[in-house]
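Participant: Got a predicted structure here, sequence first:
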Protein chains: 2
Amino acid sequence: MAKPKKQPRPKAQTPKGFRDYFGAEVTRRRAMLETIAKVYHRYGFDALETSAVETVETLGKFLPDVDRPNEGVFAWQEDDAGNAADWLALRYDLTAPLARVAAQYRQDLPSPYRRYAMGPVWRNEKPGPGRFRQFYQCDADTVGAPSVAADAEICAMLCDTLEAVGIARGDYMVKINNRKVLNGVMEMAGVLDPSDPSRFETERGIVLRAIDKLDRLGVAGVRALLGEGRRDESGDVTRGAGLDEARIDIVIGFVEARRGDAAETTARLRELVGSSEAGRAGIDELETIAGLLRAQGYGPERAEIDPAVVRGLGYYTGPVFEAELTFEITGEDGQARNFGSVAGGGRYDDLVKRFTGQEVPATGVSIGVDRLLAALSARGEDVAPEAGPVVITVMDRDRMADYQAMASELRAAGIRAEVYLGNPKNFGNQLKYADRRAAPIAVIEGAEEQARGIVQIKDLALGAKIAQNASVEEWKAQPAQFECPRGEMVAQIAGRLGLE
Amino acid sequence: MAKPKKQPRPKAQTPKGFRDYFGAEVTRRRAMLETIAKVYHRYGFDALETSAVETVETLGKFLPDVDRPNEGVFAWQEDDAGNAADWLALRYDLTAPLARVAAQYRQDLPSPYRRYAMGPVWRNEKPGPGRFRQFYQCDADTVGAPSVAADAEICAMLCDTLEAVGIARGDYMVKINNRKVLNGVMEMAGVLDPSDPSRFETERGIVLRAIDKLDRLGVAGVRALLGEGRRDESGDVTRGAGLDEARIDIVIGFVEARRGDAAETTARLRELVGSSEAGRAGIDELETIAGLLRAQGYGPERAEIDPAVVRGLGYYTGPVFEAELTFEITGEDGQARNFGSVAGGGRYDDLVKRFTGQEVPATGVSIGVDRLLAALSARGEDVAPEAGPVVITVMDRDRMADYQAMASELRAAGIRAEVYLGNPKNFGNQLKYADRRAAPIAVIEGAEEQARGIVQIKDLALGAKIAQNASVEEWKAQPAQFECPRGEMVAQIAGRLGLE
């Protein structure tokens, strides 16, 4: 074999748009996922974990005209020794894999099938500040339940989940709308012809995306997109739907249809959808959902009908919902702003049909776990950083076994502990290390201590506190360094850590 | 826009070599990861989560088979509008990302840096029975600790971890060896020249992989690979290292050097490595590790020196270790066999150097979590299947709100509960559904029950037990279906579930 060529050193960096998570960042997220899973489980949802990799066909992201996958996914072609090989891709959400599972195992799964899933998803998109190409979702979906009682249940569960992870009632709102109502409005605006549903598809897509950008663009921006189009600050022009003013008014009327309470809002919507059958059916559904929620105690302080919520995805067929955090945070520009959406979902009755040809009703919600964590951080509700371990310093490198035994004893008592494993020569470095590890306590046992059968215990947490603001009396009452018999080490440390 | 061509229905299936995990399969794994993380954390290891995607450069050197670079990973090229773009790939282990992190953040991390990581890794390999292309690892590594005390600590922690997840002492063995000893033997066998370390690299790779296959091929198979090569059952020929019989004897002598206790084994190894400096240093290290472990109570019933363990990876530079389960399981062929290795690791002092040019000592272990779960399953130590939810049946579809309220009340009491959300028309289907969900209890409230202010509670778990083997007395003493006032529903169900 030829010797490999000498290669230049690789750069030590994450790929663009990806990042690393350290210590408490990891454990906080894990705890949040655990909390969410507990609520989902109590509602009867079962865990499902699919692999990160799916065929591009399953994801519905294959572009037949160019014979390659959509650019939004990370995809590659299987290597199959010259044979026609599948394109594989990283999942970009947890819904497409669920649709595949619901079709693949339809004989074996209970129906309805309630499942939850959590894990990373990947988007091949341009990264931006705080916007990564891998992030966590935590989804719950019900497959096989045609009734909007399933949608109402998901909305109630979403409220419970947000409260379980620490968002107080009053600090969030679950906003509910219905695509059927939007379709009714589209009929009235002349971009949906019930007798030929495929007409005006492009225009409807533009209308949907325009409404979805209301928060960012405001009403004027949305109006521009509904009409001739819009030029953004960079000069780029986004094509509009080409509606005239009267029709734009109808759509904007829909977006602004929210009134003081659910009854007034639905009354206003009834005016807007006029004779459209789809529109009226959608309003009936909204009323049923609101009624079910109210009956279970999820009143307008937690869930409301809001026609401005449409969700950007094309596949929704009925109710759609979104959880918005209503408190203000300080943005990177120093300006106060609403935190915005942390979860969303809706009914998608056609996704499983793609595989089986048979209609399978489905509805669900996806929580953006990383955004939710960011929201809690932005409010300063980070938990305290993880406590570091007790550090056993090394005074005599030939006595590692003794130091390891100390650490073992502490661990057996449930105390996080470690022996210093760097070069022990410079004792100052050992204490610097303990400091960097946020160690609450360091243990010192040199030859002298060993001869006397004692250890020195250095209470670093207390030391730091004393250094800041202790009176002489306090300092004398509880010294930050003291000695104790070796046999009492564990009990003394447990006491200092409040673990007695 | 042209209408998209009508596509054939996608096949609902996982890509070849990938699989889905349902319910208890997911929650059992999650619980095991949590248990392992707890032990790692108590030893002072901090969590790290890197993304699934790395540049191929970062992963570059660590491909497991040096003869087939790059094919072992799932890789694709970034799409960068015609510019030279990075190749990205899914991580195939958790070690290469750690080496990258240790280099990237070397100014900010404590040194030594103890970190643990858990999550899926991906291998672009031919799948086989029980062999998947995505599986979980749970690693702990110490970066920046040159002393073999770090290796001993990892071995002790591995013992604690296996016991924490339910492998009893006596049912596993941590086997320890040292690459330096193997190098000493290679010198003696004439395939390592200390004055020109790059000579015979290919031969040494063959020797290493041959020894690593001892379990599968037996001594005769290994001898063939050390010599002229080996033809397997399919007729494929694997090239051998080309050693003559005398040299093969030296290598086989090493593999079979294990004796009754550590002292005898190291004495035998000293004979084998003769004057090799590397070999003698390696034996000293083995003695230090064994001594440290013994002093902490990890004696030969849990950890032993075994020269037959070499680990297949090329990057190890010192101690290597492997945890083997020693109990027998029944294989798919009905034959009893040892379960084998569930974890492995060792010292790799050169991985971080690839990025920085500076030597950074490192050692660590990787637990194959899916294999460990399989081992517990093979022993019949599966936990019982998850308890299903209480199912509230739907007798009157206009009263969904009442049924949902029942489920809410149960959940508020910590009881898993759900309303039946399928078509309620056929009551038999509702009970079949409850059965399929392994529901312990079904609740029934029709018009008559409502009028009387009661509910019917059907104890399905008890019903199943009675159907199997109840006496008339038992049946009378605790009927499987009974009625109770609506207001007592939660208390009655909690009682039946043993939750009072």
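Facilitator: Perfect, thanks for sending it. Residues are numbered from 1 along each chain as shown, chains lettered A, B, ... in the order given.

Participant: Tell me which helix or strand in chain A has the weakest average pLDDT.
Facilitator: Least confident helix or strand, chain A: strand A:62-63 with a mean of 58, by mean pLDDT, DSSP states H and E.

Participant: in the stretch 1-150 of chain A, what residue is nearest chain B?
Facilitator: A:G44 (3.0 Å; CB to the nearest CB). Any C-beta I mention is one placed from the backbone N, CA and C, and that applies to glycine too.

Participant: Work out for me the element that residue sits within.
Facilitator: Assessed by DSSP states H and E, A:G44 sits outside every helix and strand.

Participant: mind listing what it touches?
Facilitator: For A:G44, the contact set (CB atoms under 8 Å, 6 or more residues apart in numbering or on different chains) comprises A:R114, B:P389, B:R416, B:A417, B:E418, B:R437.

Participant: With A:D79 instead?
Facilitator: So, once contact is read as CB under 8 Å, 6+ apart, A:D79 ends up touching A:A85, B:E71, B:N124.

Participant: Look at it and give its secondary structure.
Facilitator: A:D79 falls in the coil class when you classify it by DSSP: H, G, I helix; E, B strand; the rest coil.

Participant: In TSV, list the contacts of A:D79 along with distance to B:A257.
Facilitator: Below are the contacts of A:D79 laid out as TSV (distance: CB to CB, whole Å):
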residue	distance to B:A257
A:A85	47
B:E71	35
B:N124	36
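
Participant: Generate a PyMOL selection restricted to the buried entries among the residues you listed.
Facilitator: A single PyMOL command selects the buried members of these (16 or more other CB atoms under 10 Å in any protein chain shown):
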select buried, chain B and resi 124
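
Participant: the helices in the stretch 151-300 of chain A, which residues?
Facilitator: A:179-188, A:201-212, A:214-226, A:245-255, A:262-273, A:277-295 (DSSP state H, counting those that start in this stretch).

Participant: List the buried residues for the last one?
Facilitator: What it means is helix A:277-295. Under the neighbour-count criterion of 16+ other CB under 10 Å, helix A:277-295 has A:278-283, A:285-290, A:292-293, A:295 buried.

Participant: Quick one: neighbours of A:E264, just the number.
Facilitator: Close neighbours of A:E264, defined as other CB atoms under 10 Å in any protein chain shown, add up to 13.

Participant: Which residue does the stretch 151-300 of chain A have closest to chain B?
Facilitator: For the stretch 151-300 of chain A, CB to the nearest CB, closest residue to chain B: A:A295, 3.5 Å.

Participant: Next one: that residue from A:A303, what distance?
Facilitator: 12 Å (CB to CB, to the nearest Å).

Participant: Quick check: the two most widely separated of the buried residues of helix A:277-295?
Facilitator: A:A278 and A:A295 (26.2 Å; CB to CB).

Participant: so what's A:R231 scoring on pLDDT?
Facilitator: On the pLDDT scale, A:R231 is placed at 88.

Participant: who's the closest residue to chain B within the stretch 401-500 of chain A bridged to?
Facilitator: Nearest to chain B in the stretch 401-500 of chain A, going by CB to the nearest CB, is A:E418, at a distance of 3.0 Å. For A:E418, the beta-bridge partners under DSSP bridges are A:V391.

Participant: Touching, it and A:P389? I think so.
Facilitator: Yes - assessed by CB atoms under 8 Å, A:E418 is found in contact with A:P389 at 4.7 Å.

Participant: which ones are touching A:L192?
Facilitator: A:L192 is in contact with A:N183, A:M186, A:R199, A:F200, A:R204, counting by CB under 8 Å, 6+ apart.

Participant: and the gap between the second one and A:A267?
Facilitator: Going from A:M186 to A:A267 by CB to CB gives 20 Å.

Participant: cool, the last one as well?
Facilitator: Here the criterion is CB to CB. By it, A:R204 lies 25 Å from A:A267.

Participant: What about A:V443, how many residues nearby?
Facilitator: The burial count for A:V443: 26, using other CB under 10 Å.

Participant: A:D215 too?
Facilitator: Quick note: A:D215 (other CB under 10 Å) scores 12 neighbours.

Participant: That one contacts A:F339, doesn't it?
Facilitator: No - with contact defined as CB under 8 Å, A:D215 does not reach A:F339; the gap is 11.5 Å.

Participant: picking that back up, flag the least confident of the contacts of A:D79.
Facilitator: For those, the model is least confident at B:E71; its pLDDT is 71.

Participant: what about that one, which SS state?
Facilitator: What three-state DSSP gives for B:E71 is coil.

Participant: Quick check: the nearest residue to A:F427 once chain neighbours are set aside vs B:P361, distance?
Facilitator: Spatially, and ignoring its direct neighbours in sequence, A:F427 is nearest to A:T393 (7.0 Å; CB to CB, 6 or more residues apart in numbering or on different chains). Going from A:T393 to B:P361 by CB to CB gives 20 Å.

Participant: now do A:V320
Facilitator: The gap separating A:V320 from B:P361 is 55 Å, by CB to CB.

Participant: Please apply the same query to A:A149.
Facilitator: Using CB to CB, A:A149 is found at 61 Å from B:P361.

Participant: Ok, A:P15 next?
Facilitator: The value you get for A:P15 to B:P361, if CB to CB is used, is 27 Å.

Participant: low-scoring pLDDT stretches of the stretch 301-450 of chain A, where are they?
Facilitator: A:381-385 (pLDDT under 70).

Participant: Now A:P361, what are its backbone angles?
Facilitator: phi -70, psi 150 (degrees, to the nearest 10).

Participant: List the contacts of the closest residue to it other than its chain neighbours.
Facilitator: What sits nearest to A:P361 in space, not counting adjacent residues and going by CB to CB, 6+ apart, is A:P146, at 4.3 Å. Residues in contact with A:P146, defined by CB under 8 Å, 6+ apart, are A:D349, A:P361, B:N423.

Participant: how does it look with 10 Å?
Facilitator: Shown in contact with A:P146 (CB atoms under 10 Å, 6 or more residues apart in numbering or on different chains): A:P112, A:G318, A:R347, A:D349, A:E359, A:V360, A:P361, A:A362, A:T363, B:L421, B:G422, B:N423.

Participant: do the same with A:M188
Facilitator: With CB under 10 Å, 6+ apart, A:M188 has these contacts: A:R247, A:I250, A:V251, A:G253, A:F254, A:L272, A:V273, A:G274, A:S275, A:S276, A:G279.

Participant: One more: A:R231?
Facilitator: Counting by CB under 10 Å, 6+ apart, A:R231 makes contact with A:A224, A:V237, A:T238.

Participant: Most neighbours among these, which one?
Facilitator: Neighbour counts for the contacts of A:R231, by other CB under 10 Å, peak at A:A224, which reaches 18 neighbours.

Participant: Run a quick neighbour tally on the residue lying closest to it once chain neighbours are set aside.
Facilitator: What sits nearest to A:A224 in space, not counting adjacent residues and going by CB to CB, 6+ apart, is A:R230, at 4.0 Å. For A:R230, the neighbour count with other CB under 10 Å is 20.

Participant: Does A:R230 touch A:A220 like I think?
Facilitator: Yes - between A:R230 and A:A220 a contact is recorded at 9.2 Å, counting by CB atoms under 10 Å.
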